[in-house]
Each structure stands twice: as structure tokens, then as C-alpha cells.
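Asks: here's a sequence, model it:
(chains A, B, C and D)
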2 protein chains.
Amino acid sequence: MVEKYSRQREALLKELNSRCDHPTADTIYLSLRERIPNISLGTVYRNLSKLAESGKIQQLHVDGPDHFDGDIKEHSHFFCKKCDTVFDVAIPAGLRLEDLVKQNIADSVDKQVIQFYGTCKKCVSVDLQNKKIIC
Amino acid sequence: MVEKYSRQREALLKELNSRCDHPTADTIYLSLRERIPNISLGTVYRNLSKLAESGKIQQLHVDGPDHFDGDIKEHSHFFCKKCDTVFDVAIPAGLRLEDLVKQNIADSVDKQVIQFYGTCKKCVSVDLQNKKIIC
DNA sequence: GGTAGTAATGATAATAATTACTGATTAAGA
DNA sequence: TCTTAATCAGTAATTATTATCATTACTACC
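Replies: Numbering: from 1, shown residues only, chains lettered A, B, ... in the order given. Below is the predicted model:
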């Protein structure tokens, strides 16, 4: 399936790259409707998934609806539980993570979550086995 | 609101502490129904929220439904995108994070997410201001 | 430029996950 | 034992997200 240009997807990416907050799908939808009045929420979700899957944006799973980030450099986030704002945090190597956030953004840190996504060794070996059986 | 003992909440916590996977609310619900046949899914959600809020368990926001972890020590997780399994990862200080996961669990790491939760400086200063006005 | 093929769209329905409501039950202290 | 308030089961409602489908609009080729 060859990806085809679409005005909506382009606007979505531009919107996400031009703002420094970390909007939800709905926030982006409301924002885009000013320029593309009849854009549909489904189109926003569809393209956000597509952009996230191809690595052009980041999708952040948090309390409540997902947030999206146009900055794809590896970096951390600080979520304020009170005002629901998402802050960017750049982590220099060799620094205690929590201290860093506290320097500029956080008054207090309750919780720190580190997550990895990828493919586990078991799944890869199952793939190899299946290959053997088929070929 | 004084917290009152409940058989259901106790069973929930025990269940979560006795298993080493990271079940979803629904998985826990199905499991508990064997011992408490008429427990309701609402009760499971209500108590999971309560336990997570009071820090007795961890709630993991990921692709798809949330997962829960009875282990509240600070540690990382590895999510296999293929089999949807959640692995625990202990991170010794001073080690490159990604390398560690790759040692035992991961064949490949596509994405690493680091998240902080807490209260930002702005919110705290707003709180102070409000206090001034009221008192 | 015309047109065939197909990805993408808007509108809406459907699903999944979670939360809220309600009247009954039960723990816990007086 | 009596009272009160937290908790429950059952169910309805809400929220976030995904699927469906008929129509639109990119793209490649003539």
C-alpha cells in the first residue's frame, strides 16, 4: 500500500510541529477545524496512528486520553497531576533522572515510569521456528 | 472518608501480589470470579484505582488497556509488541538502560519511554497565591 | 487533459475501556 | 444492638478509539 499525500495529514503534522504543548487527539481536532472546517475526528485519529507508527511523531500513554508530541528526539516527559500539563525533559547522560526534572519543572516527583517497547527474545525464536516449519 | 476493610479489595491485592505477570483489569476480574463468583467488574476497577492512588500497586499506561503491577519497587518494564507480554526490568545505577533490557529480555528495542508524574512548580505557586487571598 | 486505480476522506456506527449511578449490604465504632 | 458511612453488585452512561462505507481526490499512465 503506497502512502498517498493528503492535505489533512500534512496539516496534522505541521500543527503538531508548530506547537510546543503535547495535545490530545481532540485538542488537535478542534484546532485543525479552524483551517479545515469539515475535517473529521476519525481522520485525526487515523493519521495520528499512522504518523506514530511510522515514527514521525510520538504517542504518549498517560492517565486519560493519549497525548501526542511532534518532537521525535528521545526525551522524557513530566506530567503535572494538577494542571495536566506535559513538560519536556532533556536528560544528559550520567545524571540522576529525578534530580533533573526537579531543577526546572517539578516541585515534587511522585512517580517515575520507564518503559521499553520492542520484540522479546521468545517471539523472535518462535518466528525462527515457524520459518523452519514453513520452508 | 475512612477506608473500610473489604474482602474484595483484599483479594484483589493478594491476587496481584501472588502473580508475576502484569494483568489488566479484565484479566484480574476473570481470575477473581473463581473465588468470588459474583464480584463485579466495577468493583475491580474501583479498587484498582484506589490501590494505585494510595501507592499499594502500580498502574501501567500502555498501548491498549492499562496493566497493573503488585510490585511497587521502582523498576522498568519491557513490553513485547508481538506477544503483548510485560516483563520486569531492574535497572542498576550507572548502566545504559537499553543495553540492560537487551541482555535478558529484548531482542530489539524500538522505543524507550521515560515519564515522571508529580506537581509542577507553577501549580505549587498558584496554590500559595490562593492561600494568600483566602487567609 | 482525461481517466483508471486506489488511498484517504467525512460521517456515522460500533466497540472497548472505564466511570457513574442506585439501592442493598456490611464493616466498625458508639 | 444501632447507626452511619463505605462498599458492593448490577447496570447504565460516558469517554476514547476504531471500523465501516459510500464518496472524494491524489497519482500514474496514456
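
Asks: what about the most centrally placed residue in chain A, which helix or strand?
Replies: Taking C-alpha atoms, centre = their mean, the centroid of chain A lies closest to residue A:59, which sits 1.9 Å from it. Residue A:59 belongs to strand A:58-60 when assigned by DSSP states H and E.

Asks: also residue A:51?
Replies: Taking DSSP H and E as the definition, one finds residue A:51 inside helix A:41-53.

Asks: residue A:71 too?
Replies: Counting by DSSP H and E, no helix or strand carries residue A:71.

Asks: ok, it to residue B:110 distance?
Replies: Here the distance between residue A:71 and residue B:110 works out to 17 Å (C-beta to C-beta, to the nearest Å). All C-beta spots, glycine's among them, are computed from the backbone N, C-alpha and C.

Asks: same thing with residue A:41?
Replies: Distance of residue A:41 to residue B:110, computed by C-beta to C-beta: 28 Å.

Asks: who has more neighbours out of these two?
Replies: The residue with the greater number of neighbours, taking residue A:41 and residue B:110 and applying other C-beta atoms under 10 Å in any protein chain shown, is residue A:41; the counts read 14 against 11.

Asks: hang on, isn't that one packed against residue A:29?
Replies: Yes. Here residue A:41 reaches residue A:29: they are 5.1 Å apart, a contact under C-beta atoms under 8 Å.

Asks: pLDDT weak spots in chain A?
Replies: Segments of chain A classed as low confidence (criterion: pLDDT under 70) are A:126-135.

Asks: show me where it has its strands.
Replies: When secondary structure is read from DSSP state E, chain A shows strands at A:58-60, A:67-69, A:76-80, A:86-89, A:106-120.

Asks: can you add distance to DNA strand D and give the ones you listed back as CSV?
Replies: Rendered in CSV, the data for the strands of chain A read as follows (distance: least, C-beta to the nearest atom of the strand, whole Å):
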stretch, distance to DNA strand D
strand A:58-60, 8
strand A:67-69, 9
strand A:76-80, 15
strand A:86-89, 14
strand A:106-120, 15
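
Asks: in CSV: those, plus distance to chain B.
Replies: As requested, the strands of chain A are exported to CSV (distance: least, C-beta to the nearest C-beta, whole Å):
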stretch, distance to chain B
strand A:58-60, 8
strand A:67-69, 11
strand A:76-80, 4
strand A:86-89, 7
strand A:106-120, 4
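
Asks: can you put the ones you listed in JSON lines and add distance to residue B:1?
Replies: Compiled in JSON lines, those are given as follows (distance: least, C-beta to C-beta, whole Å):
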{"stretch": "strand A:58-60", "distance to residue B:1": "32"}
{"stretch": "strand A:67-69", "distance to residue B:1": "31"}
{"stretch": "strand A:76-80", "distance to residue B:1": "25"}
{"stretch": "strand A:86-89", "distance to residue B:1": "30"}
{"stretch": "strand A:106-120", "distance to residue B:1": "20"}
